[in-house]
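Visitor: pasting a predicted model and its sequence here:
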Amino acid sequence: MGPSTNERSLITPYRRHAAGTQPPAPYEPYKSTIKRSPTKPLIFLPHTLSEVTGPLFGEDAIAENDNDLTRHYPGEPQGERIIVTGRVLDSNGRPVPQALIEIWQANAAGRYRHAKDQHPAPVDPNFGGCGRTLTDDNGSYRFVTIAPGAYPWFNHYNAWRPRHIHLSLFGRAFLTRLVTQMYFPDDPLFPYDPIFNSIPDEKARQRMICKFDMETTQPQWALGYKFNIILRGPEQTPFET
Amino acid sequence: MDFVPTASQTVGPFFRIGLTEKYSKPCIAAPQAKGERVGLSVRVLDGDGAPVNDALIEIWQADASGKYKHPDDPQSKTSDPGCDGFGRLGTDEQGHCQFDTIKPGRVPGPGNALQAPHLNVAVFARGMLKQFYTRIYFAGDPANQQDPVLALVPAERRETLVAQSDPTQPGFWRFEMHLQGEGETVFFDV
């Protein structure tokens, strides 16, 4: 939007989420939500300039090879090399350029390089497990990494997380902020994972699973996966609030 | 194809490796930024009053003139290059983190009313499947009385959105975020 002719607040509000497409709070099967969720109803906030603006990032936010997690150490990490590509679009189907995507994940053995991860699986000296990139003008992004392993946690007896990569995205506004997890096709742990199953809507849940993609797959090098991400988009008509 | 926004999932217990080990940002406004300096302590507590030692706090704010560093801010004034407007930190074992910034100016709000100076806050954590949004206002600011967003909040809960100044340290403010229970902080459906 261009500058308005006066100092009034001409803003375009953003679309709200459809019922069932986002997780509830609390969600009892995921035990840590119980003491960490508000008990009083959220207060509906009509969007103001404060919500529809947000931090924007440029090329200075990323360094060479930030999006190739296999090249952050002198040696090659262990595990299955993969390429993850996709597009970031808004809920109007428009590409979101210059979106900052940050990822973090466990290594091939299911261990995070984090002091509090006590899973007795080996740390890989050649794998840090985090990276970042910016989408291009088309909203496209690309990471090279290692397929993460499944790992146990303490939510319930014999609890295991399906293999996943954590993704954090900044779109154009503070309210488009998204942290999610990308899962892999046909994971046998899906029926048992309360985090995955916290999304009531079946389609919305399935959209968190990436797709194997032969076109992205590189011969003699790495399997490819596609994962498109949708951020909230503005309502079509700006109006004066 | 429908373009339904991707579902949110928790940041989990290990977000530090991706988000704050290398990319934390305690300084929201540089020393040369215009405006009254603010040291802001944020503490996050769960429903038992226990510190949340693995929360991620993100803050977005306007500069001292009430202008956001963003092309969708239609105000004709220019933004202060010293004020980036964005900060983020993970909480420590006491559930605490501390930002360095300036008090923002008043920005336009609904109904052509100006909003009182405020910081926009998002909190993420293990045990939160999505972020919660809240705001931090400044105790004693007369503009709080006319703020259109505070007016949406039941009067008895408004205090939960207000940082208190530390009488022993000028320019230092404290904000306690109670995720639930006694004095539960107001969170917004944004």
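Guide: Looks like it came in fine.
Visitor: next SSE after the host helix or strand of B:Tyr137?
Guide: For B:Tyr137, the host element (DSSP states H and E) is strand B:132-138. If you walk from strand B:132-138 toward the C-terminus, the next helix or strand you reach (DSSP H and E) is strand B:162-165.
Visitor: if I look at the spatially most central residue of chain B, how far off is chain A?
Guide: With the centre of chain B defined as its mean C-alpha position, the nearest residue by CA atoms, centre = their mean is B:Val121, 2.9 Å away. Spatial separation of B:Val121 from chain A under the definition CB to the nearest CB, to the nearest Å is 9 Å. The way it works is simple: take the backbone N, C-alpha and C, and place the C-beta from them, glycine included.
Visitor: how about that residue: which residues does it bridge to?
Guide: Beta bridges link B:Val121 to B:Ile59, B:Thr134, judged by DSSP bridges.
Visitor: contact partners for it?
Guide: B:Val42, B:Ile57, B:Glu58, B:Ile59, B:Tyr133, B:Thr134, B:Arg135, B:Ile136, B:Met177 (CB atoms under 8 Å, 6 or more residues apart in numbering or on different chains).
Visitor: the same query, at a cut-off of 6 Å, please.
Guide: Remark: with contacts taken as CB atoms under 6 Å, 6 or more residues apart in numbering or on different chains, B:Val121 is in contact with B:Ile59, B:Thr134, B:Ile136.
Visitor: likewise for A:Leu223?
Guide: Under the criterion of CB under 6 Å, 6+ apart, the contact partners of A:Leu223 comprise A:Ile82, A:Thr217.
Visitor: ok, back up a step: how distant is the strand holding B:Tyr137 from the center of its chain?
Guide: In terms of CA atoms, centre = their mean, to the nearest Å, the centre of strand B:132-138 is found 5 Å from the chain centre.
Visitor: stretch B:138-148 now?
Guide: 16 Å.
Visitor: A strand includes A:Phe143, no?
Guide: Yes: assessed by DSSP: H, G, I helix; E, B strand; the rest coil, A:Phe143 belongs to a strand.
Visitor: how far away is it from A:Cys210?
Guide: Distance from A:Phe143 to A:Cys210, counting by CB to CB, to the nearest Å: 11 Å.
Visitor: which of those two has more neighbours?
Guide: Neighbours of A:Phe143 and A:Cys210, each counted by other CB atoms under 10 Å in any protein chain shown, are more numerous for A:Phe143; the result is 24 against 21.
Visitor: in chain B, which spans are strands?
Guide: Remark: strands assigned in chain B by DSSP state E are B:37-45, B:55-60, B:86-90, B:96-102, B:118-125, B:132-138, B:162-165, B:172-178, B:188-189.
Visitor: and for chain A?
Guide: Counting by DSSP E, residue ranges of the strands within chain A are A:10-11, A:43-44, A:81-90, A:100-105, A:130-134, A:140-146, A:151-153, A:159-161, A:164-170, A:178-183, A:211-212, A:223-226, A:229-231, A:239-240.
Visitor: run through the chain and note the low-pLDDT ranges.
Guide: As the question left the chain open, I've gone with chain A. Across chain A, the ranges flagged by pLDDT under 70 are A:1-9, A:237-241.
Visitor: that's the wrong chain, I meant chain B
Guide: In the predicted model of chain B, residues B:1 satisfy pLDDT under 70.
Visitor: burial check on residue 46, number of neighbours?
Guide: Chain wasn't specified; assuming chain A. When neighbours are counted by other CB under 10 Å, A:Pro46 registers 15.
Visitor: wait, I meant chain B there
Guide: Residue crowding around B:Asp46 was assessed by other CB under 10 Å; the count is 21.
Visitor: which residues touch it?
Guide: By CB under 6 Å, 6+ apart, the residues touching B:Asp46 are A:Lys35, A:Arg36, B:Val52, B:Leu179.
Visitor: ok, A:Gly131 next?
Guide: Contacts were defined as CB under 6 Å, 6+ apart; by that measure A:Gly131 touches A:Asp66, A:Asn67, A:Leu69, A:Ile103, A:Phe143.
Visitor: out of those, who's nearest A:Arg205?
Guide: Within the contacts of A:Gly131, proximity to A:Arg205 (CB to CB) peaks at A:Ile103, which comes in at 20.3 Å.
Visitor: show me where chain A has helices.
Guide: In order along the chain, chain A carries the following helices (DSSP state H): A:49-52, A:202-206.
Visitor: buried residues in the longest one?
Guide: Neighbour counts over helix A:202-206 (16 or more other CB atoms under 10 Å in any protein chain shown) mark A:Ala204, A:Arg205 as buried.
Visitor: could you find the closest non-adjacent residue to A:Tyr112?
Guide: Spatial nearest neighbour of A:Tyr112, chain neighbours left out: B:Phe14 (4.5 Å); criterion: CB to CB, 6 or more residues apart in numbering or on different chains.
Visitor: report the beta-bridge partners for the residue nearest to the spatial centre of chain A.
Guide: When chain A is reduced to its mean C-alpha position, the nearest residue by CA atoms, centre = their mean turns out to be A:Leu167, at 2.7 Å. When bridges are assigned using DSSP bridges, the partners listed for A:Leu167 are A:Ile103, A:Thr180.
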